[in-house]
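Trainee: Quick one, fold the following:
(chains A and B)
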There are 2 protein chains.
Amino acid sequence: MDQNPEQQKEEQVQNKEQLKQQQQPKQQPKEKQLAVKNPKGTRDFLPQQMVIRRQAFKIITDVFEQHGAVEIDTPVFELKETLIGKYGEEGGKLIYDLQDQGGEILSLRYDLTVPFARYLATHGYKKLKRYHIGKVYRRDNPSIQQGRFREFFQCDFDIAGENDPMVADAELIKIIDQIFTKLDLGPFQIKISNRKLLDAMIQIAGIPKTQFKTVCSSIDKLDKQPWKEIRQELVEKKGVSEEQADILSKMVQLRGEPFQLIQQLKEQKLFEQQGKEALDEMELLFNLLKYMNGLKNVIFDLSLARGLDYYTGLIQETVLLGGQLGSISGGGRYDDLVGMFSKNSIPCVGASIGIERIFAILEEKYKKSGIVLRENQSDCIVATIPSKNIDMVAEKFKIYDLLWSNGIKADVCYKLNWNLGKQLTYANDQQIPYAIVIGEDEVKQEIVKFKDLIEKKEETINLKDLIQILKQKVGK
Amino acid sequence: MDQNPEQQKEEQVQNKEQLKQQQQPKQQPKEKQLAVKNPKGTRDFLPQQMVIRRQAFKIITDVFEQHGAVEIDTPVFELKETLIGKYGEEGGKLIYDLQDQGGEILSLRYDLTVPFARYLATHGYKKLKRYHIGKVYRRDNPSIQQGRFREFFQCDFDIAGENDPMVADAELIKIIDQIFTKLDLGPFQIKISNRKLLDAMIQIAGIPKTQFKTVCSSIDKLDKQPWKEIRQELVEKKGVSEEQADILSKMVQLRGEPFQLIQQLKEQKLFEQQGKEALDEMELLFNLLKYMNGLKNVIFDLSLARGLDYYTGLIQETVLLGGQLGSISGGGRYDDLVGMFSKNSIPCVGASIGIERIFAILEEKYKKSGIVLRENQSDCIVATIPSKNIDMVAEKFKIYDLLWSNGIKADVCYKLNWNLGKQLTYANDQQIPYAIVIGEDEVKQEIVKFKDLIEKKEETINLKDLIQILKQKVGK
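Mentor: Numbers count the residues shown, from 1 in each chain, chains lettered A, B, ... in the order given. Now for the predicted structure:
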């Protein structure tokens, strides 16, 4: 008998469900169902992931330190009043508040930039070049696949202080270029613009200054939506006229090689009055970057807006080419933020590197490469052959003491009655390259069998030479 | 005219207020009063403190990795239900809750042990030797001087899995001994006991099992209060009889060199029935520790209680001798905790190192030693002599590009019009050892002046030899 399509569909679903139920017990053992999970939008880092994370952090901090940056740290939570009014309307909604349990009203930090500004004010700095790697918190809709978490790392580098124009800004872009070159994630583009140019464009289009923020937040979507949709939003929802939208339209779609676009803008006499200062700044920036060989991945992009409220000059965003991922770094100049916390305002420029997306790419890379990352860093284990005459447990741990006190990495197998084969299998499973084997004879003669578990070789050596030989083998 | 005491008191207060107002402007400049502070009980880490922190973490993680431990990380907050009922009555009150903003009910982690147990359950581990360094949160009464913060670091090392008795426990004590020996904070003592011995003592004294927890929490104060006061509390508030208190009194004050105390307890036949198994465990532990040379700082201390609910066997605490600080490490065996999150129970033993107190001691040590820790790790700067014919800014940054692309650490001075003296002063202030100086002549002849700012020497070298010479100098 023929079934109608609806019935067919339902049956398919049922079959799928049945299949799922049949498969589930294998994939997820029952006892696992009881287990408590980590909170939504957060992640545990497994040992393998920690190895990758440390590699990425090492590359990033090495570049930061190459440029003379010092490291600081601030608390995970701040006074709520410190964070309020810094992240625009959308950002502000995503802040995690702590429950009022008496005492101060606290919130989890949303980024590392506002805490940095607060830090400068609290400690009375006038200048500082610092980096800071830490977790930040946003009550956003998480998407693990897109690398969007509620708890995630930011790697921030900022230069605070009264400096000559665009020098720090240029170094910042150079640093971003160095980091993404070294991370080797594939081709990338550093988009650069200036908040003051955006300001000028809106002014040139004849849109009143009061609408600046709301128009900005529409333009900010240009990397995700076509201009047509944004234009519609501006005209229908934000009170921008058709004519104004047309003028804006021409400008925000301008992007290109930095000096070419500067030339084009000069020829078109676009920023001859409003925005002239900002355009001069950009030209100076590109020149400095040219000198320091930092221009090859830079694109001058007038559509760049950056959502946050606090930017006042340079804005930048890094994207991987050909990927579906969002930006992997963002930042800019924020000259007025510190002034919100202290009478002494300090001009600042900085960038955040969003590391979660980078982790995901690096993990994928390792998976594809087939390279197995060693989690257990141990150089060796001590394995014993049982004896009736000698306390081999005592002899085993005497050798461990010798190894540990000489800085050798030596893992312990916690089963004292395992036979030699099982002990060596343990070492193999943990990818530990060497095993020191002792039995009754070895103890009596003060020798050890030295097994190379990768090369499958064995030699007998004097106990007194063990440390020297091991240090040579592991390159210490 | 005589004043009555009330009036006198009020006037004194007024005078104090006046005095305060007079003093304040000197101590706190006006602009600082506006500055927003970090939350109570938290700290910012200044660059100098970060250098010390990294040194301490390096020592600790090196020892952890020497023993084959892998690193993991978990979120700063957990589901509230994960944390509830794990920390005893007192501990539970100190948990920070997040505000209910819709979605899951969350709390900041109180330690790294419960998240570790949850991690084991979530990911279905059967065994794991891991370390974890992270911040934990307690709404405690902060005392910066005593190193008690509301946000503070813990360095945890734990061994999970079904292992032979006391082997992992012994390695754990050895690790603690290695770490505090290497940190070189002064003489220390690792106090060891067994939760089952405490259980036995209370039973031997004839106190009902239902009172175990409350009697425990009194005994736990023995390192801060004399026995006399604790005895009084037990008798007057906890319903312990005079006779029971006397029996307990003799036992909890027993402490000494491990094998001596074991011998004494055997002679006194104290734990012949209740506690026999625990005493045998302790003897095995001390033997294993003797083999691995880990016994020299260990004391067997029957007064040790440890406040937390989850310990089931070995308990340990490390204290610095002669100091007023509390414990610098604590931990023990918790065989039932993972079973609270999963059907598979996994026996575990571990320790937390409380790093804040260690930081304070190391900071003090550096201050006294007069050793100035370098914050800025840069090897050199590039300084220029102005020229009318050549764009020295371009030349300067070309050299920076050369340095950076060769892995040299080179800080930038952001004032382009400073004279040579000012540029060199900047390098000196930052304790940067070398300066590469170029002017018109140097550019034309493709040479640089290489200044050693510490030795106060200068030599002229070819630009093409610069990297090689610098790498030699900085030991790369």
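
Trainee: Which residue, neighbours along the chain excluded, lies closest to the residue of the stretch 301-450 of chain A at minimum distance from chain B?
Mentor: Per C-beta to the nearest C-beta, residue A:411 is where the stretch 301-450 of chain A lies closest to chain B, at 2.9 Å. C-betas here are computed from N, CA, C, even on glycine. Spatial nearest neighbour of residue A:411, excluding adjacent residues (C-beta to C-beta, 6 or more residues apart in numbering or on different chains): residue B:68 at 2.9 Å.

Trainee: Please enumerate the helices of the stretch 101-250 of chain A.
Mentor: Here the stretch 101-250 of chain A has its helices, by DSSP state H, counting those that start in this stretch, at A:113-122, A:167-183, A:195-204, A:212-219, A:227-237, A:242-252.

Trainee: Mean neighbour count, these: which tops it?
Mentor: Highest mean neighbour count of those: helix A:113-122, a mean of 26 (counted as mean count of other C-beta atoms under 10 Å in any protein chain shown).

Trainee: where exactly do the helices run in the stretch 251-400 of chain A?
Mentor: Counting by DSSP H, counting those that start in this stretch, the segments of the stretch 251-400 of chain A that form helices are A:258-267, A:276-291, A:355-369, A:392-405.

Trainee: can you put those in CSV and add distance to residue A:77, mean pLDDT and mean neighbour count?
Mentor: Converted to CSV, the helices of the stretch 251-400 of chain A look like this (distance: least, C-beta to C-beta, whole Å; pLDDT from 0 to 100; neighbours: other C-beta atoms under 10 Å in any protein chain shown):
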stretch, distance to residue A:77, mean pLDDT, mean neighbour count
helix A:258-267, 41, 97, 15
helix A:276-291, 36, 97, 20
helix A:355-369, 21, 90, 16
helix A:392-405, 39, 97, 20
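
Trainee: any idea how far the residue lying closest to residue A:99 once chain neighbours are set aside lies from residue A:100?
Mentor: Distances taken as C-beta to C-beta, 6+ apart place residue B:97 nearest to residue A:99, at 4.2 Å, with adjacent residues excluded. Distance, residue B:97 to residue A:100, by C-beta to C-beta, to the nearest Å: 10 Å.

Trainee: Comparing these two, which shows the higher neighbour count?
Mentor: Taking other C-beta atoms under 10 Å in any protein chain shown, residue B:97 and residue A:100 do not tie; residue B:97 has more neighbours (17 against 12).

Trainee: Ramachandran angles for the more buried one?
Mentor: Per-residue torsions, residue B:97: phi -100, psi 150 (degrees, to the nearest 10).

Trainee: Which strand residues bridge it?
Mentor: residue B:107 (DSSP bridges).

Trainee: could you list every residue that touches it?
Mentor: A:98, A:99, A:101, B:80, B:105, B:106, B:107, B:108 (C-beta atoms under 8 Å, 6 or more residues apart in numbering or on different chains).

Trainee: Of those residues, select the buried ones using a PyMOL command.
Mentor: Buried residues within the contacts of residue B:97, by 16 or more other C-beta atoms under 10 Å in any protein chain shown, are selected in PyMOL with:
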select buried, (chain A and resi 98) or (chain B and resi 80+106+107+108)
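
Trainee: just curious, which of the contacts of residue B:97 is nearest to residue A:322?
Mentor: Closest approach between these and residue A:322, by C-beta to C-beta: residue B:106, at 37.3 Å.

Trainee: Now do the contacts for residue A:331.
Mentor: Per C-beta under 8 Å, 6+ apart, neighbours of residue A:331: A:113, A:172, A:315, A:316, A:349, A:350, A:351, A:352.

Trainee: just checking, which of the residues you listed belong to strands?
Mentor: A:315, A:316, A:349, A:350, A:351, A:352 (DSSP state E).

Trainee: Tally up the residues packed near the second one, please.
Mentor: Using other C-beta under 10 Å, the number of residues around residue A:316 comes to 26.

Trainee: cool, the first one as well?
Mentor: Counted with other C-beta under 10 Å, residues neighbouring residue A:315 total 24.

Trainee: do the one 10 residues further on as well
Mentor: Per other C-beta under 10 Å, the neighbour tally for residue A:325 reads 18.

Trainee: wouldn't it be in contact with residue A:145 here?
Mentor: No. Applying C-beta atoms under 8 Å as the test, residue A:325 and residue A:145 come out as separate, 9.8 Å apart.

Trainee: and the most centrally placed residue in chain A, how far is that from residue A:112?
Mentor: Centroid-nearest residue in chain A: residue A:355, 0.9 Å away (criterion: C-alpha atoms, centre = their mean). Distance, residue A:355 to residue A:112, using C-beta to C-beta: 12 Å.

Trainee: got it, and residue A:56?
Mentor: 17 Å.

Trainee: Same check on residue A:140?
Mentor: 17 Å.

Trainee: Kindly report the same for residue A:378.
Mentor: According to C-beta to C-beta, residue A:378 and residue A:112 sit 35 Å apart.
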